[in-house]
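In: let me see the structure of the following:
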Amino acid sequence: MTAPFRLGSLPTLSRSTVDRQESLRTNPERLVQRWPDARVVLLEDTGRTPVLEGSKTLATRKTQEFGTEPPPEAAFLGEWEGVDYWSMPGTPAEGGETVRMQGSWGITEEVLRVDGEFWVDLRGYGDLLDDTSAGLFTTAQALRNWRRQAKFCTRCGAPTELIQFGWASRCTRDGREEYPRTDAAVICLVHDQEGTNGEHVLLARQPIWPPDRYSILAGFVEAGESLENCVVREIREEVGVEVSDVRYLGSQPWPFPRSIMLGFTARADRSAPLTPADGEIEEALWVSRAEVRAAFANSQTRNAAAVPTPIAGGKAQLILPGNSSIARVMLAAWAEADA
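Out: Predicted coordinates:
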């Protein structure tokens, strides 16, 4: 009997090697003592960070550039191979040039190159980084986005200050502490009822997406709702289909601005009519395993010469999700499996 498919690899932004245990960030004596030998990950206003040209490694900075001890805006990311890593706001040096690069979503973007470094964003280039750099960049981005939205106390509106080296904020009026939030969202690969893993997958596109871009369905978990019930509700709301046999696959942080994507798979009747949610889903359709495999073979990722893959008998064309998305990993695992 065919086994149910599982993820064949870690999602891009789930990769990490850094030890980020809480006891490290609540030991100020240790952190201050190790600061002179630590490294700093810079993030500029749009969330870009420098990467060494021709490498998969973040271009971190020496801490001596920022003082003899961690500044108030510094956030401790963790320790790896005896080195502490921090994140801080930063800007590129003057005199750089703008170059065009292919991002992981098949879109050509303008990237700043200065002093042998490219300033790149996590969504478009996180898949090019090694495991340590990907984890550091993802954590730094998540903390940055939380801090930008948590400058004031949610109870009284007074300004807050960072404590625990970037992992908590404290109200300057009443001392109330708050911690980084993560909003749970489910993403589900729905396949038909043929065999164990189905022969067709349900894909959809939003009106704001680039032409021919399709993906699996996703949505936020509501208050008081289980993950499994969220899957059932979201699929029903977005395309009007009832699903069953909901099964967990894996997860990936998605700090845009502060989500975690929880991947599931489920089964549905392919003969049931599809009713895309007005204003939210532009089109939904069933795509065969052979068509998805063809799309992977003709991947748009960093391949300027590739063209979209015809699907649905030539009625539509398919560009897959980018490498930074768990959706791509889920689709690849399903495409490689047997029905």
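In: what's the per-residue pLDDT of the closest residue to Cys156 other than its chain neighbours here?
Out: Using C-beta to C-beta, 6 or more residues apart in numbering and skipping the chain neighbours, the partner closest in space to Cys156 is Arg173 (5.6 Å). Where you see a C-beta, it was placed from the backbone N, CA and C, and this is true even at glycine. Arg173 carries a pLDDT value of 96.
In: I'd say Arg173 and Cys153 touch.
Out: Yes - look at Arg173 against Cys153 with C-beta atoms under 8 Å: they come within range, at 6.7 Å.
In: contacting residues for His191?
Out: Asn197, Gly198, Glu199, His200, Val201, Leu202, Thr265, Ala266, Arg267, Ala268, Trp334 (C-beta atoms under 8 Å, 6 or more residues apart in numbering).
In: in strands, which of the residues you listed fall?
Out: Among the contacts of His191, the members found in strands (DSSP state E) are His200, Val201, Leu202, Thr265, Ala266, Arg267, Ala268.
In: show me the contacts for the residue nearest the centre of the chain.
Out: In the chain, the residue lying closest to the centroid (C-alpha atoms, centre = their mean) is Trp254, at 3.2 Å. Applying C-beta under 8 Å, 6+ apart, one finds that Trp254 lies in contact with Leu13, Ala185, Ile260, Met261, Ile326.
In: how deep is the closest residue to Ala312 other than its chain neighbours tucked in, by neighbour count?
Out: Nearest residue to Ala312, sequence neighbours excluded (C-beta to C-beta, 6+ apart): Leu285, at 5.5 Å. Using other C-beta atoms under 10 Å, Leu285 is surrounded by 19 other residues.
In: now Arg267
Out: With other C-beta under 10 Å as criterion, Arg267 counts 19.
In: beta partners for it?
Out: His191, Ser244 (DSSP bridges).
In: thought it was touching Glu242?
Out: No - here Arg267 lies out of contact with Glu242, judged by C-beta under 8 Å, at a distance of 10.0 Å.
In: quick revisit: quick one: which of the contacts of Trp254 sit in helices?
Out: Members of these lying in helices (criterion: DSSP state H): Ile326.
In: and Val232, that's in a helix?
Out: Yes - assessed by DSSP: H, G, I helix; E, B strand; the rest coil, Val232 belongs to a helix.
In: tell me who's in contact with Val239.
Out: By C-beta under 8 Å, 6+ apart, the contact set of Val239 is Leu202, Ala204, Leu217, Leu274, Thr275, Pro276, Ala277, Ile281, Ala284.
In: so how many other residues sit close to the closest residue to the fifth one other than its chain neighbours?
Out: Closest residue in space to Thr275, ignoring its immediate chain neighbours: Gly240 at 3.2 Å, by C-beta to C-beta, 6+ apart. Neighbour count of Gly240, defined by other C-beta under 10 Å: 15.
In: quick check: which ranges of the protein have low pLDDT?
Out: 300, 304 (pLDDT under 70).
In: where along it do the helices fall?
Out: Per DSSP H, the chain has helices spanning 22-25, 28-34, 122-125, 131-149, 227-239, 289-297, 326-336. These are given in chain order.
In: which among these is found nearest to Ala75?
Out: Smallest distance to Ala75 across the helices of the chain (C-beta to C-beta): 4.8 Å, for helix 131-149.
In: buried set for that closest one?
Out: 131-147 (16 or more other C-beta atoms under 10 Å).
In: kindly report the same for stretch 20-33.
Out: Here stretch 20-33 shows Arg20, Leu24, Arg25, Leu31 as buried, counting by 16+ other C-beta under 10 Å.
In: now do stretch 206-224
Out: In stretch 206-224, counting by 16+ other C-beta under 10 Å, buried: Gln206, Asp212, Arg213, Tyr214, Ser215, Ile216, Leu217, Ala218, Gly219, Val221.
In: ramachandran angles for the fourth one?
Out: Main-chain torsions, Tyr214, degrees, to the nearest 10: phi -130, psi 160.
In: residues touching it, list them.
Out: By C-beta under 8 Å, 6+ apart, the residues touching Tyr214 are Leu203, Ala204, Arg205, Leu285, Val287, Ala316, Leu318, Ile319, Leu320.
In: how near is the closest residue to Ser133 other than its chain neighbours to Leu122?
Out: For Ser133, ignoring the flanking residues on the chain, the nearest one in space by C-beta to C-beta, 6+ apart is Leu58 at 4.4 Å. The gap separating Leu58 from Leu122 is 11 Å, by C-beta to C-beta, to the nearest Å.
In: can you map out the strands along the stretch 151-300 of the chain?
Out: 160-163, 168-171, 177-178, 183-191, 200-205, 217-220, 243-254, 259-268, 283-288 (DSSP state E, counting those that start in this stretch).
In: ok, the last one: who's next to it in the sheet?
Out: For strand 283-288, sheet partners with direction are given as strand 200-205 (antiparallel), following DSSP bridges.
In: can you list contacts of the partner strand?
Out: 189-192, 194, 213-217, 238-239, 241, 268, 270, 274, 276, 281-289, 292, 318, 331, 334.
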